[in-house]
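> sharing a model prediction with you, sequence too.
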Amino acid sequence: MRNTLLVTSVLGAALLAMLPAGAAGAQAPGDGPLKVQATTGTDQLPVTGVEVGITTCAAGPVLATLTTGGDGTVTQTFPNGCYQAQVTSVPSGCELASIAYVQVNVAPDTTPVAGFQFRCA
């Protein structure tokens, strides 16, 4: 029985080592998703083309600029920690109806949402 477990463990490790980078999982162990969602007021209609800069809560340079898609959302993986999402560009015909920045904590097995509200013509 012990020999079977040993052989299975060795074969499993060998197979994982042969996988191309990223094939074993899209996230590193200390990473998690951060989701940005842009919608209109009470209708909650998606707003496409909102640009949001992501920095750490401790400030510093912009780590990424995310742009919402047709469903009004965009998701990207970041290392665990505190992040600030700030609207940097609003689509033509829309104006921001909420605060321009949100702080979120990225952690494994959660998907924090940085939500922004807009008024669009």
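Structure received. Here the structure is a predicted model, which is why all the values come from computation and not from measurement. Residues are numbered from 1 along each chain as shown.

> residue boundaries of the helices in the chain?
2-18 (DSSP state H).

> for it, which residues score under the pLDDT cut-off?
1-29 (pLDDT under 70).

> okay, the closest residue to Pro91 other than its chain neighbours and Thr68: tell me how far apart.
Using C-beta to C-beta, 6 or more residues apart in numbering and skipping residues adjacent in sequence, the residue nearest Pro91 is Gly49, 4.1 Å away. Every residue, glycine included, has its C-beta placed from N, CA and C. Distance, Gly49 to Thr68, by C-beta to C-beta, to the nearest Å: 6 Å.

> have a look at those two and say which one is more surrounded.
Thr68 (21 against 15; other C-beta atoms under 10 Å).

> which residues does the more buried one contact?
36-38, 46-50, 52, 74 (C-beta atoms under 8 Å, 6 or more residues apart in numbering).

> neighbours around the residue lying closest to Gly32 once chain neighbours are set aside, how many?
Of all residues not flanking Gly32 in the chain, Val106 sits nearest, at 4.3 Å (C-beta to C-beta, 6+ apart). The tally of other residues near Val106 (other C-beta under 10 Å) stands at 21.

> how about Ala58?
Counted with other C-beta under 10 Å, Ala58 comes out at 9.
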